[in-house]
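Peer 1: generate a structure from the sequence data that follows.
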Amino acid sequence: MVYYFEKISIINFIIGAYKSNIFKHLLQNRIIKIYYIDSSRSSKKILIPVLNLLIKNVEQLNFKMIDIMGEHGELVETRIGRSDMFDFQKEIINSAAYKNLRNLSWEQYGILDYINKALIDGYTFEDSPRKKIFTINVINWHMKKIKARESIAFISLHPWFELYIKYSNKYGIKLINVPSNIFSINFRMILRGFPKLYQSLKNIKTEKVKKENFNDKSKVFIDGRGDFEVINNGMHSDFFWILNSEFSLQNVIIDCISRKEKKYFDEHRIYSIDSNYVFHKKNQHNYKVPFVNYSSKYKDEYKEIKSILISYNLYRQNWSSKFKQNNIKVFFTWYKYSSKHIALADAISDNNGISVVWQIGFDGFENAQMMIKSDIAFCFSGFSSSIDKKVNSKIKYNIIVGYVKDYAAPLVIKKANELRNQLMSNGAKKIIFAIDENSNSDDRWHTGNVLQRENYSFILKKVIEVTWLGVIFKPKNIKTLIERLGPEIEKLLYQAEATGRCYIYRELGRHTTSAPPVLAALSADVCIHGHLNAGTAALECALAGVPTLLIDREGAPYSKLYDLPKGKVVFQDWPSAIDALMQHFNSSNGVPGFGDWASIIDELDPFRDGLAAYRMGTYIKWLTDGYDKGLEKDEVMSNAARMYAEKWGSDKVIIS
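Peer 2: Numbering: from 1, shown residues only. Predicted structure coming up:
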């Protein structure tokens, strides 16, 4: 018999053995095999050595996310987000537990949507349903590998456990729940149950908010990424739509996380707020506080939904106060990947305001995390709007604006040409821009550093080998690059840099490299994106007219990008891409259609005129102008949609 432990510990083993037939098999001297994914310190030192003396068949289950593949070469983790989590969410909503706990107080504003999305979000990946589902798939993968038809898996107790049992049964896996950590206490969640105390403790650490640089105009709150450059130079900026339109910087409000940022904003007369400051005041919100029906039969599910509602109330009450006290009429965010934006959309409605979500990245296929609940959403194209529909988004006005960063190319072309000339002066005749994404050292729960290293190693070796080849890298996160590359690739990198034909962009914003992909693309002859399940940077390069290749190493066969020509745009690995690249470079006129996205580019951006940011800024200005004229929310939104349709086409406004 085969047994799997999600995390083996002395307590979990004793409980698991009691609930199963491990002891019986041991007494009967039957052959059993025990695998574990993680282990506690005590089990490493005591339990596992003792079990190996008794059983001699206890070992850690080694796997990499990149190895867990499903049908059609799709990464299983990708399939889980694209399909399984939608099904699992439906199972939860249709379950007896959910129906018993559901209360009429959820039927207001976006509370029901907040709960339903939060149920599949998880507070962290560590405790998320997505990780549980992936763990079951890992066990199924390993069972096939060792040719086991059935197994018993011990997984930490989780709400909706009967649904995990149902899911695992189809793989021949019998689930038994065991405690995760009976001694752990979530002090933050306990504290959140006492809002006044939580508010007081948070505000002790923060400075009192001052009304500096403040005017009485209707304000837009920018929920940014920490790119606070206010010079329109093409670099990443949270203010890009303002810098490229007629909207005023003095009519926005933004959070800051440091005195350095506060000083910068003050110098540019931008009103900023300490991100940790809690604004909660009584009677600032307009809803009946929701609660969950108690059921002794579904205690774990009750606790989960109760904690979800606590977080909703804290978000809404604090942000309602923040919006009202600062005359904020528009909440503007890019972050749609958790349920938080739904609570903040309800909070802005308490001030008769409008919630806006803008599309930051290209989504080639649906994912459960992408669901949006918002008054307005700015999207790249009709295709992007169709993805919003597929993930059950609830958007009153979906406005097609084009790719939002398309303004940058003219602003960075001079700098791009300077770099190109620099590399060519050192012997480069052809230049590649190699695009990498971020990575994680634990390749069980991420595609891992090894996969990212390929984005550097293959090209670096080629640049060192071929004296007329140059390369540019723009890491997503330069801070961790050397650590992620490892000593061998680091050595190759320095060797290539010494030739003068290799350059790395190192400018850093709060979280990511501040240089946009198009800056590197315009210095290059060909761009190569080592991923296909993302593709935003590749799209930016293709829209700039630079031949752009995609390498699908993870497995995303359902992506829209698979409509691009295989062998000319889409490749399966680096060696085949480099071979095709060298053939292209060595041909006098190049390979026809190499890196050409013309077949689908109209579907991904119907404008391609460099004015997407201008359209966004103009639309937001229409909203705030409407409020400053004393109009109500619905009229403000209706007028803006009408003006946009008249100016850029009625097919660019999708009303639900």
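
Peer 1: quick one, longest helix in this structure?
Peer 2: Using DSSP state H, we find that the single longest helix of the chain is helix 299-325.

Peer 1: how about the strands in the stretch 251-400 of the chain?
Peer 2: Ranges of strands in the stretch 251-400 of the chain, per DSSP state E, counting those that start in this stretch, are 252-256, 271-274, 328-333, 354-358, 373-379, 394-400.

Peer 1: sheet partners, orientation included, of the fifth one?
Peer 2: Taking DSSP bridges as the criterion, strand 373-379 pairs within the sheet with strand 354-358 (parallel), strand 394-400 (parallel).

Peer 1: again, but for the shortest one
Peer 2: Strand 271-274 pairs in its sheet with strand 252-256 (parallel), by DSSP bridges.

Peer 1: what's the average pLDDT for the strand it pairs with?
Peer 2: Here strand 252-256 scores 94 as its mean pLDDT.

Peer 1: check stretch 363-373 too.
Peer 2: 96.

Peer 1: stretch 133-147 now?
Peer 2: Computed over stretch 133-147, the mean pLDDT rounds to 96.

Peer 1: contacts for whichever strand or helix holds Ile578, please.
Peer 2: Using DSSP states H and E, Ile578 sits within helix 574-586. Defining contact as Cβ atoms under 8 Å, 6 or more residues apart in numbering, one finds that helix 574-586 is touched by 430, 432, 454-455, 458-459, 462, 466, 469, 525-526, 528, 530, 549, 551, 553, 567-568, 571, 590-591, 594-595. Where you see a C-beta, it was placed from the backbone N, CA and C, and this is true even at glycine.

Peer 1: now stretch 61-69
Peer 2: Taking Cβ under 8 Å, 6+ apart as the rule, stretch 61-69 contacts 4, 35-37, 75-77, 134, 137-139, 141-142, 443-448, 451, 553-555.

Peer 1: so where's the stretch 451-600 of the chain shaky on pLDDT?
Peer 2: In the predicted model of the stretch 451-600 of the chain, residues 508-511 satisfy pLDDT under 70.

Peer 1: before we move on, what about the chain?
Peer 2: 25-29, 122-125, 181-214, 508-511.

Peer 1: tell me the centre residue of it?
Peer 2: Closest residue to the average C-alpha location of the chain: Tyr337 at 5.9 Å, with Cα atoms, centre = their mean.

Peer 1: quick check, it in contact with Met371.
Peer 2: No - here Tyr337 lies out of contact with Met371, judged by Cβ atoms under 8 Å, at a distance of 9.3 Å.

Peer 1: hang on, the earlier thing: and the helix holding Ile578, which residues are buried?
Peer 2: By 16 or more other Cβ atoms under 10 Å, the buried positions in helix 574-586 come out as Trp574, Ala577, Ile578, Ala580, Leu581, His584, Phe585.

Peer 1: please apply the same query to stretch 483-500.
Peer 2: Arg484, Leu485, Ile489, Glu490, Leu492, Leu493, Ala496, Glu497, Thr499.

Peer 1: dump the residues you listed to TSV, plus secondary structure and distance to Lys56.
Peer 2: Compiled in TSV, these are given as follows (DSSP: H, G, I helix; E, B strand; the rest coil; distance: Cβ to Cβ, whole Å):
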residue	secondary structure	distance to Lys56
Arg484	helix	38
Leu485	helix	39
Ile489	helix	39
Glu490	helix	41
Leu492	helix	43
Leu493	helix	45
Ala496	helix	49
Glu497	helix	51
Thr499	coil	54
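
Peer 1: adding distance to Asp84, write the residues you listed out as CSV.
Peer 2: Formatted as CSV, these follow (distance: Cβ to Cβ, whole Å):
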residue, distance to Asp84
Arg484, 29
Leu485, 33
Ile489, 34
Glu490, 38
Leu492, 39
Leu493, 38
Ala496, 42
Glu497, 44
Thr499, 47
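
Peer 1: skipping adjacent residues, who's closest to the residue nearest to the centre of the chain in space?
Peer 2: The shortest distance from Tyr337 to any non-neighbouring residue, by Cβ to Cβ, 6 or more residues apart in numbering, is to Gln369 (4.7 Å).

Peer 1: and that neighbour, how many residues sit next to it?
Peer 2: Neighbour count of Gln369, defined by other Cβ atoms under 10 Å: 17.

Peer 1: repeat for Tyr264
Peer 2: For Tyr264, the count of nearby residues is 16 (other Cβ under 10 Å).

Peer 1: what of Thr447?
Peer 2: Neighbour count for Thr447, taken as other Cβ under 10 Å: 21.

Peer 1: ok, for it, nearest residue in space, not its chain neighbours?
Peer 2: Computed as Cβ to Cβ, 6+ apart, the closest residue to Thr447 that is not its neighbour in sequence is Ile66, at 5.1 Å.

Peer 1: what does Glu483 give?
Peer 2: Ser441 (8.0 Å).

Peer 1: okay but that neighbour is in contact with Gly448, surely?
Peer 2: Yes - in this structure, Ser441 is within contact of Gly448 by Cβ under 8 Å, at 7.4 Å.

Peer 1: could you report the neighbour count for Arg102?
Peer 2: Residues lying near Arg102 (other Cβ under 10 Å) number 16.

Peer 1: and the closest residue to it other than its chain neighbours, how far is that from Leu104?
Peer 2: Leaving aside its chain neighbours, Arg102 sits nearest to Asn293 (7.0 Å; criterion: Cβ to Cβ, 6+ apart). Distance, Asn293 to Leu104, by Cβ to Cβ, to the nearest Å: 10 Å.

Peer 1: who's more crowded, those two?
Peer 2: Relative neighbour count places Asn293 above the other of Asn293 and Leu104, with 14 against 9, counting by other Cβ under 10 Å.

Peer 1: I'd guessed that one sits against Ser105; true?
Peer 2: No - Asn293 lies out of contact with Ser105 (Cβ under 8 Å); the separation is 9.7 Å.

Peer 1: quick one: contacts for Asp625?
Peer 2: By Cβ under 8 Å, 6+ apart, the contact set of Asp625 is empty.

Peer 1: which SSE is it in?
Peer 2: Secondary-structure assignment from DSSP H and E places Asp625 in helix 612-628.

Peer 1: so how far is that helix from its chain's centroid?
Peer 2: Distance of helix 612-628 from its chain centroid, counting by Cα atoms, centre = their mean, to the nearest Å, is 27 Å.
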